[in-house]
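S.K.: Here's a sequence, model it:
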Amino acid sequence: FELPDARRYRSALQRSEAWLLQPGESLPLSAKRKGAYVVLSGSLAAASPTVTAAADDAAEPAGDPEPTRIFGQWTGLRGLPLNERPQAREASVVMEIDEAELRLLLTDVASLFKVEFFRPLVHAIPSVSDAASDALDPAIRRSRFRLFSSGDAIVREGDYGSTMFFIVAGSATVLAPGGAGTFPLAQGDFFGEIAVIAYQPRSATVLADGPCLVMEADRQGVSDLRKQSATFKELVQRRYRERAMLTQLQATTFFKGLETSELEAVRDIATLELFVPYEPIFFQGEEADALFIVLNGQITVVQETDKGPMPVAWVGDGDTVGELALLPEISGTDRRQQTVTALQRVDAIRIARSEFGELLSRLPSVKEKLTATARQRMEMNRGLQAEAGQRRSEALAWMLDTQHLAGNWVLAVDMDDCIRCNNCVTACESVHADGLSRFHWNDMRQDEDVMPHVRFTNSCQHCEVALCQVPCPTQCIERDAATGAVWIDYDRCIKCGKCSDPSQGCPYGSIYTVPTPDVRLRKLPPILQWLEGLLPEKLTHIEVGGTRKGANYPVKCDLCHALPYQACVQHCPTGAVFRVDGDRQFAEALAKPKGSPRGNRPADDPLPLYVTAQWEKPPVAGRPSELSVRIRKEGPGLPIMPHRPEQGVSGIKLNFFLQAPDSFRVGGGALRQMMLPLDAPHSEAKYGVTEKTAGSYDLSLVAYQGGLYLGHLDVKAEVTK
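M.R.: Numbers count the residues shown, from 1 in each chain. Alright, predicted model coming up:
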């Protein structure tokens, strides 16, 4: 019963009936039968599978996905008869939950109750049945479970959406576009994956045939399942190749204008690949194995030199990476000349080297375009040593270090126009009922090469891939489809603090938490109360005058989600406060470097550090092992050269990504953030890693400063029986 606000449930739970059953005594089923029965202690037995209160999450269910824990009308979805009277096998305590409260537990709240109830049903879906519980449970937590009646539209043709659907129980019908017919969807089928991957409108309308329960998974949940389930990955890839790959290939620069038969030849040899934020795509010096065409997201290209990594460019939708090493007649080598890593979640089309040569021989127009691009990139590589190239690389390094490049709404202040009136801060405080400012004046960063006289705050940038959403157990962090604003629904927030934890959520420090007693809820000013009455939504999702639970009250910029304007921008009398689209406007700034001295950070003053990684004990198959990562100011280890922090910052923040084979389970995810205080000799973090099969495995520990790649360390895992 992990609840967001116990007050909402306390009175209902107090009205609920509970029984202490002695061995052999039957459960007195409610005459109304509108609730469910939860075994709080002990165990029951019935003609159907056993119900028990003992949780053995380490054991994978075999065959029929039991044990289960809940009886009642809702459990008819699990095939359990409703007319049975289970008997206690031992002294047991059983409680009945009202139907209304049960619906909240199973739909609105991503609770442990929800995971326990739906896990057997989701495990029964063939496409994801091979995913382990530790991979499937987070997807269940993040998903919405929705019950549709007969004839209800689950999705409609032409609508945009960022979720896909699994039919958990019941069935549905797909209405093909243009009246081309219908086809059925049965329990266990899924749909909507093309809209999630290809960012395309829904291609068909889907109607529920009768009572139909669906799991609606968001992009992050879908990405997790694609990474963790080989069956699901293959099915999604097959459908994408059949339904969307031709359209997206046609939209790229290299394949635009090709005949359908030529595009089909490309499609038949291509595969769909997914890379999560910070995941390496390939390292410099490796033998080339494929060409990648970016469908969505951002990746960075870095040249590793004797003086350290030198950022070259970032690559986005429709661009390619990896063609240089596949064209040795131009590059002079078949080895990778740069290291390429994902800055955000990236979907890419992969064409293997074994197919690449034949493809170019069949499609001379594609060969011509790729060859021209390869020559341009070779010229860029040669120009990196020139003054202009170095200046551009330094500016890009700063943007990757600060991670402003990932933001869609970076908050900035032109200090030449700023009169220090503080209206931006007071306006922010006024429009939020808790009276807390989301404007981070105390953490400003600046670089004159990028945008002269402009300082960037550390307030939320509303990233396209919002990492703060990933660990949220109640999905209370939402994105506005129209504006892209990432905001917190405080009605569902349980104050767990995961979104602000850099090792789990936002790695940029854009969310801070305060103890509950420090939150002073207050009434809105009269003018805003009047404005609130004109809007369909409240100005805030915080109940004024209400009590708050927990000590991790999260505070972040919500882009004034429910207002028709942004308060900090609107109330600046000189127009000094403005928002920057990181991708587009930083690209413009890089195209016109100013050449002036760098702002508040020395250009050539790196701080050498050394990274080591070692197993605490030799890894044993099927058991958790610990990989200890340390950063020191003295060797031995992998030497990295991060930039010194700005004045006033007490330490160096580094991000680490552990790249491991798909069979590895990495507790808490592959991404870690470590802080090395300037006055400390070392810092340490640990990965919990499990591999079920004995053998020798190669892992890589990749180091970043912000989003700036610094280097990688090869790690050997000798897993014994």
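S.K.: what stretches of this protein score poorly on pLDDT?
M.R.: Scanning the chain for pLDDT under 70 picks out the ranges 1-15, 29-35, 46-84, 98-112, 385, 516-551, 592-606, 646-649.
S.K.: Heading C-terminal from the host helix or strand of residue 372, find the next helix or strand.
M.R.: Taking DSSP states H and E as the definition, residue 372 sits inside helix 364-383. Proceeding N to C from helix 364-383, the next assigned helix or strand is helix 387-402, under DSSP H and E.
S.K.: Could you list the residues in contact with that next one?
M.R.: 300, 310-314, 343, 380, 383-384, 405, 445, 447, 449-450, 456, 582, 586, 589-590, 593, 595, 598, 601, 603, 643, 705-709 (Cβ atoms under 8 Å, 6 or more residues apart in numbering). The C-beta positions use only the backbone N, C-alpha and C, and glycine is treated the same way.
S.K.: where exactly do the helices run in the stretch 551-700 of the chain?
M.R.: 567-570, 582-591 (DSSP state H, counting those that start in this stretch).
S.K.: Touching the longest one from outside, list them.
M.R.: So that's helix 582-591. 298, 316, 392, 395-396, 399, 404-408, 410, 450-451, 461, 580.
S.K.: ok, now the shortest one?
M.R.: Residues lying outside helix 567-570 but in contact with it, judged by Cβ under 8 Å, 6+ apart, are 411, 424-425, 427-428, 430-431, 439, 560, 577-579.
S.K.: nearest to residue 467, of those?
M.R.: Nearest to residue 467 among these is residue 411, at 17.9 Å by Cβ to Cβ.
S.K.: That closest one and residue 571: what is the separation?
M.R.: 14 Å (Cβ to Cβ, to the nearest Å).
S.K.: For those two, indicate the residue with more neighbours.
M.R.: Taking other Cβ atoms under 10 Å, residue 411 and residue 571 do not tie; residue 411 has more neighbours (29 against 18).
S.K.: that's a strand at that one, yeah?
M.R.: Yes. Secondary structure assignment places residue 411 in a strand (DSSP: H, G, I helix; E, B strand; the rest coil).
S.K.: Contact partners for it?
M.R.: 439-440, 456-457, 459, 461, 557, 568, 577, 579-580.
S.K.: and of the residues you listed, the nearest to residue 134?
M.R.: Minimum distance to residue 134 across these is 30.6 Å, recorded for residue 461 (Cβ to Cβ).
S.K.: Just the element for that closest one, please.
M.R.: Counting by DSSP H and E, residue 461 is found in no helix or strand.
S.K.: and if you look at residue 183?
M.R.: Assessed by DSSP H and E, residue 183 sits inside strand 182-185.
S.K.: Within the sheet, what are the partner strands of that strand, with directions?
M.R.: strand 172-175 (antiparallel) (DSSP bridges).
S.K.: what sits up against the strand it pairs with?
M.R.: In contact with strand 172-175 (Cβ under 8 Å, 6+ apart) are residues 148, 154, 157, 182-185, 189, 191, 204-209, 212, 214.
S.K.: Could you pull out the buried residues of that strand?
M.R.: 172, 174-175 (16 or more other Cβ atoms under 10 Å).
S.K.: Could you point out which of those is nearest to residue 284?
M.R.: Nearest to residue 284 out of these is residue 174 (Cβ to Cβ; 46.4 Å).
S.K.: now the closest one: how far from residue 356?
M.R.: 36 Å.
S.K.: Could you do residue 660 as well?
M.R.: For residue 660 relative to residue 356 (Cβ to Cβ), the value is 28 Å.
S.K.: Mind listing the residues bridging to residue 671?
M.R.: residue 657.
S.K.: show me the contacts for it.
M.R.: 277-278, 503, 507, 655-657.
S.K.: and those as TSV, adding neighbour count?
M.R.: Below are these laid out as TSV (neighbours: other Cβ atoms under 10 Å):
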residue	neighbour count
277	23
278	23
503	16
507	22
655	23
656	24
657	23
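S.K.: residues contacting residue 234?
M.R.: Residue 234 sits next to no residue when contact means Cβ under 8 Å, 6+ apart.
S.K.: and the helix or strand harbouring it, which residues are buried?
M.R.: Following DSSP H and E, one finds residue 234 within helix 230-243. Within helix 230-243, the residues that count as buried by 16+ other Cβ under 10 Å are 232-233, 235-237, 239-241.
S.K.: And stretch 574-592, by the same measure?
M.R.: 576-580, 582-583, 585-587, 589-590.
S.K.: which among the contacts of residue 671 gets closest to residue 163?
M.R.: Looking across those and measuring by Cβ to Cβ, the closest to residue 163 is residue 277, at 19.8 Å.
S.K.: I'd assumed residue 300 was in contact with that closest one.
M.R.: No. Using Cβ atoms under 8 Å, residue 277 makes no contact with residue 300, being 11.1 Å away.
S.K.: got any residues that touch both of the two?
M.R.: What both residue 277 and residue 300 touch, as defined by Cβ under 8 Å, 6+ apart, is the set residue 343.
S.K.: Name the nearest of the buried residues of stretch 574-592 relative to residue 289.
M.R.: Out of the buried residues of stretch 574-592, the member with the shortest distance to residue 289 (by Cβ to Cβ) is residue 583, at 28.4 Å.
S.K.: one step back: list the buried residues in the helix holding residue 372.
M.R.: 366-367, 369-370, 373-374, 377-378, 381.
S.K.: same check, this time on stretch 300-313
M.R.: So, applying 16+ other Cβ under 10 Å, buried residues of stretch 300-313: 300-304, 308-313.
S.K.: Any idea how far apart the tips of it sit?
M.R.: Start-to-end span of stretch 300-313 (Cα to Cα, to the nearest Å) is 6 Å.
S.K.: So what touches the helix or strand containing residue 248?
M.R.: Element membership of residue 248 [criterion: DSSP H and E] is helix 245-251. With contacts defined as Cβ under 8 Å, 6+ apart, helix 245-251 is touched by 198, 200, 255-256, 258, 260, 263-264, 266-267, 270, 272, 293, 295, 318, 349.
S.K.: cutoff 6 Å now
M.R.: 198, 255, 263, 266-267, 295 (Cβ atoms under 6 Å, 6 or more residues apart in numbering).
S.K.: Any chance of the contacts of helix 567-570 in TSV with distance to residue 697 as columns?
M.R.: Below are the contacts of helix 567-570 laid out as TSV (distance: Cβ to Cβ, whole Å):
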residue	distance to residue 697
411	43
424	51
425	51
427	54
428	49
430	55
431	52
439	47
560	49
577	50
578	49
579	45
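S.K.: which one of the residues you listed sits closest to residue 476?
M.R.: Nearest member of those to residue 476, counting by Cβ to Cβ, is residue 560, at 18.1 Å.
S.K.: ok, how many other residues are close to that closest one?
M.R.: So residue 560, with other Cβ under 10 Å, has 22 neighbours.
S.K.: Surely residue 330 and residue 376 touch.
M.R.: No. Residue 330 is beyond contact range of residue 376, at 10.4 Å (criterion: Cβ atoms under 6 Å).
S.K.: give me every residue that touches residue 88.
M.R.: So residue 88 contacts 21, 23, 25, 44 (Cβ under 6 Å, 6+ apart).
S.K.: Just the buried residues out of those, in ChimeraX syntax.
M.R.: In ChimeraX syntax, the buried subset of these is picked out as below (16+ other Cβ under 10 Å):
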select :21,44
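S.K.: Between the contacts of residue 88, which sits nearest residue 95?
M.R.: Of all the contacts of residue 88, residue 21 has the smallest distance to residue 95: 11.4 Å, by Cβ to Cβ.
S.K.: Excluding chain neighbours, what is closest to that closest one?
M.R.: Among residues not flanking residue 21 along the chain, residue 88 sits closest, at 3.8 Å (Cβ to Cβ, 6 or more residues apart in numbering).
S.K.: Show me what the one you found is bridged to.
M.R.: Here residue 88 sits in beta bridges with residue 44, going by DSSP bridges.
S.K.: heads up, I number from 313, so please use that
M.R.: In the new numbering, first residue 313, that becomes residue 400.
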